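A.B. asks: Sequence first, predicted coordinates after that:
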Amino acid sequence: MELLVFGASGRVGRRLCASAVSDGHRVTALVRDAARAPEGVSVVEGDVTDADAVAAAVSGQDAVCSALGPGDEGDFAALDTGIANLVATMEAGGVERLVAVGAAGILQATPDRLRLDVDDFPTGLQASADAHRAVYDRLRVSELDWTLVCPPRMPDGPPTNHYRIAVDYLPEGGQSVSTGDVAAFVYDAVVNDTHSCERVGIAY
C-alpha cells in the first residue's frame, strides 16, 4: 500500500509509520523538517497549511492517515487548514480513504448531544474540541471514505492491545488510552478498511 501520513513526527504518527514500514508498506510523510521524519519513510518537506505541498504529497497514494492535532499554544491552523487542504486534494485526486485521529469530545454523550456540548465538559479542552468538531463536520459532507478515531487522554506508551472501542460513543468509563494503542488502531483501520464513515471511541 502507498500510505501518506500527516503528523508523522508526532507521538502517534511515529508509531504508525513504524508499523506500516515494518509491514512493508510504502510510507510517505509530509513534514516541515525532514530531520524529524521517522525512519524508513519517503519525505515530502512542507507544511499542511500549504495546499501545493499537500497536493504533492497526496498524489499517487492509496490511503491517508492523519495524526494532526491542535498546536501546543492553541494555534489550530494546522488542524483546520490542513484538513481542509487534505479533503479538497483527496477529492480532486480520487484518493478516498482517510483515517484520522480526532478527540473524545466529538463523540456522543447522548443520542442528540455531543460530549463537548454537555455542561461539565472541561473548559480547558473546549477550544481543541471545537477544532475537532470542525474537522468532523467537514468530513461528514465530504466524498471521502473516512474514519475518525477519538481517544480521551493519550499518555505516551507502547500498544497493549487491550483497549476497548465503541462506535459514536466513548467506551463506558474510559479515561485514557496510550499513543501506541491509538496508532495500532489507526493502522488496523486503514489496512483492513474498517469503520467506514464512523467515529470510533477508543479507551481502556
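C.D. replies: Alright, I've got the coordinates. Numbers count the residues shown, from 1 in each chain.

A.B. asks: what about the strands in this structure?
C.D. replies: Assigned by DSSP state E, the chain shows strands spanning 2-6, 26-31, 42-45, 63-66, 97-101, 108-110, 113-114, 145-150, 164-167, 198-203.

A.B. asks: Please convert these to a markdown table, extending it with mean pLDDT.
C.D. replies: Listed next are the strands of the chain as a markdown table, based on pLDDT from 0 to 100:
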| stretch | mean pLDDT |
| --- | --- |
| strand 2-6 | 98 |
| strand 26-31 | 96 |
| strand 42-45 | 96 |
| strand 63-66 | 98 |
| strand 97-101 | 98 |
| strand 108-110 | 98 |
| strand 113-114 | 98 |
| strand 145-150 | 99 |
| strand 164-167 | 99 |
| strand 198-203 | 99 |
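
A.B. asks: For Ala127, find the nearest of those strands.
C.D. replies: Checking the strands of the chain against Ala127 by Cβ to Cβ gives strand 113-114 as the closest, at 14.9 Å. All C-beta spots, glycine's among them, are computed from the backbone N, C-alpha and C.

A.B. asks: so where's this protein uncertain?
C.D. replies: 71-75 (pLDDT under 70).

A.B. asks: ok, now how distant is the residue lying closest to Ala109 once chain neighbours are set aside from Ala92?
C.D. replies: Nearest residue to Ala109, sequence neighbours excluded (Cβ to Cβ, 6 or more residues apart in numbering): Arg115, at 4.4 Å. Here Arg115 is placed at a distance of 33 Å from Ala92 (Cβ to Cβ, to the nearest Å).

A.B. asks: circling back: may I see the strands of the chain arranged in CSV, with distance to Gly173 and mean neighbour count as well?
C.D. replies: Formatted as CSV, the strands of the chain follow (distance: least, Cβ to Cβ, whole Å; neighbours: other Cβ atoms under 10 Å):
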stretch, distance to Gly173, mean neighbour count
strand 2-6, 31, 25
strand 26-31, 35, 24
strand 42-45, 41, 16
strand 63-66, 28, 27
strand 97-101, 21, 25
strand 108-110, 14, 14
strand 113-114, 19, 14
strand 145-150, 16, 24
strand 164-167, 9, 15
strand 198-203, 8, 23
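
A.B. asks: Now render these as TSV, adding distance to Arg138.
C.D. replies: Listed next are those as TSV, based on distance: least, Cβ to Cβ, whole Å:
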stretch	distance to Arg138
strand 2-6	15
strand 26-31	18
strand 42-45	22
strand 63-66	12
strand 97-101	10
strand 108-110	18
strand 113-114	15
strand 145-150	10
strand 164-167	20
strand 198-203	13
